[in-house]
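Colleague: Provided below are the primary sequence and the corresponding predicted coordinates.
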Amino acid sequence: MIEHIALFRWTELASRQAIDNALAELHGLQGKIPGLVDISSGVNFTDRAKGYTHVLIMHFTDRAALEAFGPHPEHQRVVHNFVSQIRAECLVFDREF
């Protein structure tokens, strides 16, 4: 199993609605991308996250599924239409367990 963790820092102009929409669209990828088995997200509540406010955690069946996720047309649609416009920075960590 592969765990894909993404931390998000949004632009100052990102509205709460735009952030919620981006996260909802990311959650909507489950069932559309082969090998993506689970998605969860959350909001940071401490001052230790260096400005990163949201986390998205995805589980994939294997490395091949994770590699296919990036260029998948549905993922690219969400990134281009919802995430890129409001994302200041994204930190990604992938692990196998």
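Modeller: Done, it's in.
Colleague: Looking at Thr46 now. What's its pLDDT?
Modeller: In this prediction, Thr46 carries a pLDDT score of 96.
Colleague: Oh, that last question was meant for Pro34, not what I typed.
Modeller: Reading off the per-residue confidence, Pro34 sits at a pLDDT of 97.
Colleague: what's around it, how many residues?
Modeller: Pro34 has 13 neighbours, counted by other Cβ atoms under 10 Å. For glycine as for every other residue, the C-beta is placed from the backbone atoms N, C-alpha and C.
Colleague: Show me what counts as buried in stretch 54-67.
Modeller: With burial defined by 16 or more other Cβ atoms under 10 Å, the residues of stretch 54-67 counted as buried are His54, Val55, Leu56, Met58, His59, Phe60, Ala65, Leu66.
Colleague: Would you mind measuring from the fifth one to Asn21?
Modeller: As for His59, its distance to Asn21 is 23 Å (criterion: Cβ to Cβ, to the nearest Å).
Colleague: do the same with the third one
Modeller: Taken as Cβ to Cβ, the spacing of Leu56 relative to Asn21 amounts to 14 Å.
Colleague: Please apply the same query to Gly70.
Modeller: Counting by Cβ to Cβ, the separation of Gly70 from Asn21 is 21 Å.
Colleague: name the helices or strands packed onto the top helix by length along the chain?
Modeller: What stands out as the longest helix in the chain, according to DSSP state H, is helix 16-27. In this structure, helix 16-27 makes packing contacts with strand 36-43, strand 54-60, helix 73-78, judged by 3 or more Cβ pairs under 8 Å, 6 or more residues apart in numbering; DSSP states H and E.
Colleague: Please name whichever of the ones you listed is nearest to Leu91.
Modeller: With respect to Leu91, and counting by Cβ to Cβ, the nearest of the helices and strands packed on helix 16-27 is strand 54-60 at 9.7 Å.
Colleague: Need the contact partners of that closest one.
Modeller: 1-8, 10, 19, 23, 26, 35-44, 66, 69 (Cβ atoms under 8 Å, 6 or more residues apart in numbering).
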